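Asks: dropping the sequence and predicted coords here.
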Amino acid sequence: MNDSAGRLGQLFLRYASPLAGLRRLPVVGPWVRWAAARLVPRDALVWMQIQAGPAKDLWLRLNPRTGSDYFRGAVEPQVQEVLSKYLHPGMTFYDIGANIGFFSMLAARIVGPSGRVVAFEADPEIADRLRENIARNGMSWAFVQQKAAWCEPRQVAFARNDPALSPDRGLGHVDPEATAEDTIQVDAVTLDGYAQIASAPDFLKCDVEGAEKEVFRGARRLLEEKRPGILCEMHSEENLNALVREFELFGYACRQISQNHVLALPR
């Protein structure tokens, strides 16, 4: 992206909220949408510092069309609150389904150089952006694993979301039945297996677009022995009920912190 386009992208992000209002106006709206499409390419990426919240001043390379919440520090405030409350310096944190790394870097800020962050991101393109974001913030204690977390170690089909619908491919997910053209094979690990060769987590966040049951089928030894705190986004009522039952069987107390997120803490 050239310098002028980058500056336009930064302006686009800074004024995303008023622009969104203009887009809805019957006369001005079509012109604003046309101008945005011409001036800021759909695949544009610009470096911006987060403006507010516990991640304030961290750098992210953002898509101007989808990065407004990240830029304002407003993405999933309940998740930010939980990480700020339950993470402490020196802890090990796993971010399962890290995407571009907003929460990985927030966690890295909190646990500090004496801690460790492992960010699992299966999509190779997004994993590269995640590495860039970590490097820009100088967080050498945060590591990217370009792998999916799953119930067994093997290659799995990963459905990449259409970048026209989700420029950050944030809806990508493991789907053994996937037949779509934009599906790739990725390496998968179990959390139990990974924790045997690396530091086990004190706390983990899981956002895997519906594959959460399979992730925790591969983490039963971890739940029984290490007993990390868990923050999991649930993508169906079935997964919510099944995982809450499973967590409770392992001696966890569960509560919902938002419509889609469950916090599970060992009793």
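Replies: Noted; the coordinates are in hand.

Asks: can you pull out the strands in this structure?
Replies: Counting by DSSP state E, one finds strands in the chain at the ranges 46-49, 59-62, 92-96, 116-120, 142-145, 148-149, 154-159, 173-174, 183-189, 203-206, 229-233, 252-256, 261-266.

Asks: now those strands in CSV, with mean pLDDT and mean neighbour count?
Replies: No exception for glycine: its C-beta is placed from N, CA and C like everyone else's. Converted to CSV, those look like this (pLDDT from 0 to 100; neighbours: other C-beta atoms under 10 Å):
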stretch, mean pLDDT, mean neighbour count
strand 46-49, 96, 17
strand 59-62, 96, 21
strand 92-96, 98, 27
strand 116-120, 98, 26
strand 142-145, 98, 21
strand 148-149, 96, 27
strand 154-159, 92, 18
strand 173-174, 68, 22
strand 183-189, 93, 17
strand 203-206, 98, 25
strand 229-233, 98, 23
strand 252-256, 98, 14
strand 261-266, 98, 19
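
Asks: please name whichever of those is nearest to F102.
Replies: Nearest to F102, of all the strands of the chain, is strand 59-62, at 6.7 Å by C-beta to C-beta.

Asks: that closest one: partners in the sheet, and parallel or antiparallel?
Replies: Its sheet considered, strand 59-62 pairs with strand 46-49 (antiparallel) by DSSP bridges.

Asks: now the partner strand - C-alpha only, CSV.
Replies: Extracted in CSV, the C-alpha atoms of strand 46-49 (Å, rounded to 0.1, in the frame of the first residue of the first chain):
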residue,chain,number,x,y,z
VAL,A,46,-2.5,0.4,7.7
TRP,A,47,-0.6,0.7,11.0
MET,A,48,-2.7,2.3,13.7
GLN,A,49,-2.4,2.6,17.5
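
Asks: hmm, back to that, can you add distance to E246 and give the strands of the chain back as a markdown table?
Replies: Putting the strands of the chain into a markdown table (distance: least, C-beta to C-beta, whole Å) gives the following:
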| stretch | distance to E246 |
| --- | --- |
| strand 46-49 | 39 |
| strand 59-62 | 34 |
| strand 92-96 | 16 |
| strand 116-120 | 20 |
| strand 142-145 | 24 |
| strand 148-149 | 16 |
| strand 154-159 | 21 |
| strand 173-174 | 19 |
| strand 183-189 | 20 |
| strand 203-206 | 13 |
| strand 229-233 | 11 |
| strand 252-256 | 9 |
| strand 261-266 | 9 |
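
Asks: centre of the chain to stretch 81-99, how far?
Replies: Chain-centre distance of stretch 81-99: 12 Å, with C-alpha atoms, centre = their mean, to the nearest Å.

Asks: endpoint to endpoint, that stretch covers what distance?
Replies: The first residue of stretch 81-99 is 19 Å away from its last residue (C-alpha to C-alpha, to the nearest Å).

Asks: flag every buried residue along that stretch.
Replies: Using 16 or more other C-beta atoms under 10 Å as the test for burial, stretch 81-99 gives 82-83, 86-87, 91-99.

Asks: before we move on, what about stretch 124-144?
Replies: 126-127, 129-134, 137, 139, 142-144.

Asks: for the closest residue to P113 other than its chain neighbours, give its distance to P89.
Replies: Once flanking residues are discounted, P113 sits nearest to W141: 5.2 Å by C-beta to C-beta, 6 or more residues apart in numbering. Distance, W141 to P89, using C-beta to C-beta, to the nearest Å: 11 Å.

Asks: brilliant, that's me finished.
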